[in-house]
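> prediction below, plus the sequence it came from.
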Amino acid sequence: MSAESLATMAKHSITWSTALSIFIIVAGVAAICVPLAAGIAATILIGWLLIFAGVLHLVFGWHTRQVGGSIWGFLLGLVYLAVGIYLLVHPIAGLAALTLGLGAYLFAEAILEFVLAWRLRPVGGTGWLIFDGIATLILSILIWATWPLSTPWFIGTLVGISMIFSGASRLAVLSAARRMVAKPA
């Protein structure tokens, strides 16, 4: 393969990746504009992932039935399936549960950030951990204080923000790749 064809392929790949990055950013803005739809879409995706994981747990339990402990694999698989099916059948209630669960997760994360900052205080630079912990704690308190009113917008807004950051970071990496491809050998 010649250097010219490799450069042509790289330029073509960068063009498609740039288009994809812009699409991700636009989708992120749309998710922020219509957070309930994005939240329901995320809930449905999580529901399907849980169903898939439940099936895998059942298969794993079946294949390890000779070793013992398969009852736990089966039970875990059934729990995954039940929760996944519930999320698909009741996406709004599932979204409310996911929002509440996210609030609990963020609270636990904030506490762990504070503990880590305390443990690493001799190292220095722990101010960022404390800042992260405070921001995460405030976010978790906001979720808990406004739940269930935060249900329609919170998950969808987070998905949108994440998509915008993903698209922007891809564009930054692609910009560097474009400069590398443009450099003469």
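Received it, and whenever you're ready, just let me know what you need.

> show me the domain layout of this protein.
Here the chain is described, according to automatic domain parsing, as comprising the domains 1-33+153-185, 46-89, 91-152.

> so how far is the longest one off the chain centroid?
This means domain 1-33+153-185. Centre-to-centre, domain 1-33+153-185 and its host chain are 18 Å apart (Cα atoms, centre = their mean, to the nearest Å).

> ok, stretch 58-65 next?
Put simply, stretch 58-65 sits 29 Å off its chain's centre (Cα atoms, centre = their mean).

> and for it, what's in contact with it?
Contact with stretch 58-65 is made by 70-74, 76-78, 81, as judged by Cβ atoms under 8 Å, 6 or more residues apart in numbering. (C-beta placed from N, C-alpha, C; glycine too.)

> buried stuff in the longest helix that the chain contains?
If you go by DSSP state H, the chain has its longest helix at helix 3-33. Neighbour counts using 16 or more other Cβ atoms under 10 Å place 14, 17-18, 21, 24-25, 27-28, 31-32 of helix 3-33 among the buried residues.

> re the thing from before, may I see the domains of the chain arranged in JSON lines, with mean pLDDT and distance to residue 39 as well?
Formatted as JSON lines, those follow (pLDDT from 0 to 100; distance: least, Cβ to Cβ, whole Å):
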{"stretch": "domain 1-33+153-185", "mean pLDDT": "78", "distance to residue 39": "4"}
{"stretch": "domain 46-89", "mean pLDDT": "87", "distance to residue 39": "10"}
{"stretch": "domain 91-152", "mean pLDDT": "85", "distance to residue 39": "5"}
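
> mind putting the ones you listed into JSON lines with distance to residue 40?
Converted to JSON lines, these look like this (distance: least, Cβ to Cβ, whole Å):
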{"stretch": "domain 1-33+153-185", "distance to residue 40": "8"}
{"stretch": "domain 46-89", "distance to residue 40": "10"}
{"stretch": "domain 91-152", "distance to residue 40": "5"}
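
> nearest spatial neighbour of residue 51, chain-adjacent residues omitted?
With Cβ to Cβ, 6 or more residues apart in numbering as the criterion, residue 51 has its nearest non-adjacent residue at 3.7 Å, and that residue is residue 84.

> the one you found and residue 149, how far apart?
Distance, residue 84 to residue 149, by Cβ to Cβ, to the nearest Å: 26 Å.

> ok, residue 101 next?
Counting by Cβ to Cβ, the separation of residue 101 from residue 149 is 16 Å.

> residue 62 now?
In terms of Cβ to Cβ, residue 62 sits 44 Å off from residue 149.

> done for today, thanks.
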